[in-house]
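# missing the sequence, but the structure's below:
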């Protein structure tokens, strides 16, 4: 049996250690704040008013009492629809409905109570002002409706970030095993590596400071409720990154059972044939993409415990017409015994003859992509003053791409994100939020020899894995990628704590963040050997321009460990 009181004690102890230890930054969760002032009909402030803030979806309630200045403030509320009730003996009770709280929003909800019986109820329906005058931060919210309804090629929700002014999707840096496969985002001209990605307040940047799988997507349309893109002047709670802050919140279960079952299908039926295929009288390349899955959420115990889970699968078979430049039969016949096996490993020309030494070889290939994405979340309310949630996200992707004349590339990625958060409220002016986070990412990139191809040798060094490279000016590159193989293992353990205090007309927010990063990698360049020849004639004469390789005995593996500390007020 789970001892919840013991769990609460451990989490409270962790938060106390962080506070006393002058702990660190990046403590902002994917939450919002409701604040306001209670007055009477004459405009005089009313202390001692009981304000009840209730989430319409889950029934979770938070009760506050206004201080001497008539103010109340409820930070760290999960996004969702809310209603507020204000009551004081001698005055009519007022209920305010239709308040929609979003990530990062501070909704100002003021009340004016009339003299009357507390049993009388006046209900007001209307949204709070949408212009936030309490912060200088700039950016934009990508709402749940936008995520669900706007078309997304590949269902990568992060691409919607460019709806925010100043945010652009960029191809800078490309996508590969040396620069990552995540969507590159530039904010006001900043580098794409300067952005911070968080999920429910937990940092999910990988080793390249990006977020995205081998397919280049960031799945989660069914899992993400909304996300906020902050582009400038954001709070001191966000640290270490000078670009944008992309702060996403996952969905939670509610008191009603809800779910979805979906499949999205695309094929080549309406695609135009590429000119390379037409010129060589080839059929239109095949293309099939299926994205399918489900989501489900609801109550475990009404008004107390909730669950949410989702799964999404991606299957893509993308036909590609690839054109390579290969040696002609005359070049093959002129080669010596050393060069001939390399030239013969090139396929025979089947396209346009370029000159006496070169011709085109056209091939139709299929790039395959498989990806699995899953999320599970549990929310539990011990009492109106103590709540906890835990969420686990898993993403596994693999892309096989026959992108070179003799070899192809296989890329595998795996991401795991875990968040556990505990909130403790004491009175109407103290809230403590402690969060434990763990992120883990893996990226592997390596080459393979295409079917039907025989290489005279795979490497030009004594390395026991990978494929070497041969560059002959005028011909398509032979062998593998000079940056493969790559093996990255990145993990980040995080603990953060934030305390919010409201005293009279003053509000204070203080807290911090602690990380321990672990990065193991094998990341070498031309480790299998790479020859470069200025021309085909130089290759036939065995006159290499350069030879690049890792020096024998070199250690190309690294184990990096780094603690990170910070605090904010």
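Thanks, I have it. All values reported here derive from a predicted model rather than from experimental measurement.
# rest of the way, CA atoms for contacts and neighbours
OK.
# List the beta-bridge partners for residue 319.
Legend: beta-bridge partners of residue 319 under DSSP bridges are residue 366.
# Next one, pLDDT for it please.
As predicted, residue 319 sits at a pLDDT of 92.
# Likewise for the one 5 residues further on?
As predicted, residue 324 sits at a pLDDT of 96.
# do the same with residue 276
Taking residue 276 on its own, its pLDDT is 68.
# can you check residue 197 too?
For residue 197, the predicted pLDDT is 88.
# Repeat that for residue 147.
Residue 147 is assigned a predicted lDDT (pLDDT) of 89.
# try residue 133
Looking at residue 133, its pLDDT is 53.
# How about the one 4 residues further on?
According to the prediction, residue 137 has pLDDT 57.
# for residue 5, same thing?
Residue 5 carries a pLDDT value of 51.
# Kindly report the same for the one 10 residues further on.
The predicted local distance difference test score for residue 15 is 42.
# most centrally placed residue in the protein?
residue 211 (3.9 Å; Cα atoms, centre = their mean).
# contacting residues around it?
182-183, 197, 204-205, 218 (Cα atoms under 8 Å, 6 or more residues apart in numbering).
# most neighbours, which of the residues you listed?
Highest neighbour count within the contacts of residue 211, by other Cα atoms under 10 Å: residue 204, with 26 neighbours.
# For residue 161, grab phi and psi.
Note on residue 161: backbone dihedrals following degrees, to the nearest 10 are phi -60, psi -30.
# Hmm, it is touching residue 142, no?
Yes: because the distance of 7.3 Å satisfies Cα atoms under 8 Å, residue 161 is recorded as touching residue 142.
# Need the residues touching each of these two.
residue 229.
# Any idea how many residues pack against residue 251?
Neighbour count of residue 251, defined by other Cα under 10 Å: 24.
# Leaving out the residues flanking it, which one is nearest to it?
residue 225 (4.9 Å; Cα to Cα, 6 or more residues apart in numbering).
# one step back: which of the contacts of residue 211 sits closest to residue 301?
residue 204 (30.6 Å; Cα to Cα).
# which residues does residue 307 contact?
Taking Cα under 8 Å, 6+ apart as the test, what residue 307 contacts is 252-254, 297-300, 376-379.
# Tell me the one among the residues you listed nearest to residue 455.
residue 376 (46.7 Å).
# same for the helix or strand harbouring the closest one, what does it pack against?
Element membership for residue 376, per DSSP states H and E: strand 358-383. Packing contacts for strand 358-383, counted by 3 or more Cα pairs under 8 Å, 6 or more residues apart in numbering; DSSP states H and E, involve strand 305-327, strand 386-401.
# Mind listing what's buried along the helix or strand that comes right after the shortest one?
Using DSSP H and E, the next helix or strand after strand 386-401 towards the C-terminus is strand 407-426. Buried residues in strand 407-426, counted by 16 or more other Cα atoms under 10 Å: 407-425.
# So which elements touch the helix or strand just after strand 407-426?
Using DSSP H and E, the helix or strand that directly follows strand 407-426 along the chain is strand 430-449. Contact partners of strand 430-449 among helices and strands, from 3+ Cα pairs under 8 Å, 6+ apart: helix 4-20, strand 202-203, strand 407-426, strand 486-503.
# Please tabulate the ones you listed in a markdown table, including the columns distance to residue 342.
Compiled in a markdown table, the helices and strands packed on strand 430-449 are given as follows (distance: least, Cα to Cα, whole Å):
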| stretch | distance to residue 342 |
| --- | --- |
| helix 4-20 | 62 |
| strand 202-203 | 48 |
| strand 407-426 | 13 |
| strand 486-503 | 25 |
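# so which of the ones you listed gets nearest residue 81?
Closest among the helices and strands packed on strand 430-449, using Cα to Cα: strand 407-426, at 19.6 Å.
# Quick one: list the elements packing against that closest one.
With contacts taken as 3+ Cα pairs under 8 Å, 6+ apart, strand 407-426 sits against strand 386-401, strand 430-449.
# What's the first helix or strand after the longest one?
Pointing back at strand 430-449 there. Using DSSP H and E, the next helix or strand after strand 430-449 towards the C-terminus is strand 469-472.
# Check the residue nearest to the centre of the chain and give its pLDDT.
The model's pLDDT for residue 211 equals 78.
# any idea how far it lies from residue 232?
In this view, residue 211 and residue 232 are 20 Å apart by Cα to Cα, to the nearest Å.
# Kindly report the same for residue 37.
According to Cα to Cα, residue 37 and residue 232 sit 29 Å apart.
# In terms of neighbours, single out the busier of the two.
The neighbour count for residue 37 versus residue 232, taken as other Cα under 10 Å, is higher for residue 37 (20 against 17).
# In contact with that one, which residues?
Applying Cα under 8 Å, 6+ apart to residue 37 gives the contacts 45, 69-72, 109-111.
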